[in-house]
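Undergrad: pasting a predicted model and its sequence here:
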Amino acid sequence: MPFHPDQLLLYAVTDRAWTGRQTLLEQLEAALQGGVTLVQLREKDLDPAAFLAEALEVKALCHRYHVPLILNDQVDLALACGADGVHVGSEDLPVAHIRRRAGPDFIIGATAKTIQQAQAAQAAGANYLGVGAVFPSPTKPGAQRLTPEELGVICASVSIPAVAIGGIGPSNLAQLKGSGAAGIAVVSSLFGAEDIQAAAQALARQARQVLFPHPIP
């Protein structure tokens with residue numbers, strides 16, 4: 001599926017910590033019905049066979065809604081299941097290596113916490129950046145924090161789009177106004193909501209208003 005910056009507007013990152021009343025697939029379908037524009041499947045504890053089986057199901061679901069699926073870190077599994085791409089951190093496979101292996105149409109996202117990391121990822125062939133954590137995050141409580149101002153500096157240092165990540169929700173999203181971010185990546189503010197579909201609708205609407213307050217007529 002071709003990549004476009006608009007797909008970063010509401011970027012959902014899965015987390016099994018929020019399953020229980022609903023399965024992961026049920027949660028994802030509600031999120032997709034609410035307007036999620038990209039899904040990152042993140043599984044730290046599944047064995048490769050189980051992850052592959054799940055990824056195939058999630059890919060079919062995402063593609064039914066014309067939404068790209070990327071996997072966290074797992075390049076081999078992403079290629080095996082036909083996912084649209086991967087997101088990697090600084091300690092994962094280098095972006096340039098993935099690009100050579102996966103080809104020009106594979107979506108590659110890279111975490112960047114500094115201008116240097118952002119520019120290196122762009123030069124290596126990344127399609128987009130994940131920048132944060134911009135707020136305290138229950139998912140990664142020890143993550144290095146970046147201010148919204150620092151987010152803006154990183155966004156301005158590259159020509160590829162960036163998605164803001166880390167503790168983003170309705171109460172603080174407005175602080176990202178003017179940052180240059182193309183979207184928000186969310187976990188708990190989406191999957192921890194009582195009504196995931198309604199939460200996705202509200203987050204997408206708010207993100208559009210905050211990040212793109214003056215749309216082109």
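TA: Perfect, I can see it now. Only a predicted model underlies this, so the values are computations on that prediction, with no experimental measurement involved.
Undergrad: rest of the way, CA atoms for contacts and neighbours
TA: OK.
Undergrad: tell me how far stretch 147-159 lies from the chain's centre.
TA: 17 Å (CA atoms, centre = their mean, to the nearest Å).
Undergrad: poorly predicted segments of the protein, please.
TA: Scanning the chain for pLDDT under 70 picks out the ranges 138-143, 215-217.
Undergrad: could you pull out the strands for it?
TA: 10-13, 38-41, 69-72, 85-88, 107-112, 128-132, 162-165, 183-186 (DSSP state E).
Undergrad: any chance of those in TSV, with distance to Glu194 and mean neighbour count too?
TA: Below are the strands of the chain laid out as TSV (distance: least, CA to CA, whole Å; neighbours: other CA atoms under 10 Å):
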stretch	distance to Glu194	mean neighbour count
strand 10-13	16	24
strand 38-41	19	23
strand 69-72	24	25
strand 85-88	28	25
strand 107-112	29	25
strand 128-132	26	27
strand 162-165	21	28
strand 183-186	15	26
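Undergrad: make JSON lines from these and add distance to Phe51 to it.
TA: Formatted as JSON lines, the strands of the chain follow (distance: least, CA to CA, whole Å):
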{"stretch": "strand 10-13", "distance to Phe51": "15"}
{"stretch": "strand 38-41", "distance to Phe51": "9"}
{"stretch": "strand 69-72", "distance to Phe51": "10"}
{"stretch": "strand 85-88", "distance to Phe51": "14"}
{"stretch": "strand 107-112", "distance to Phe51": "19"}
{"stretch": "strand 128-132", "distance to Phe51": "23"}
{"stretch": "strand 162-165", "distance to Phe51": "24"}
{"stretch": "strand 183-186", "distance to Phe51": "21"}
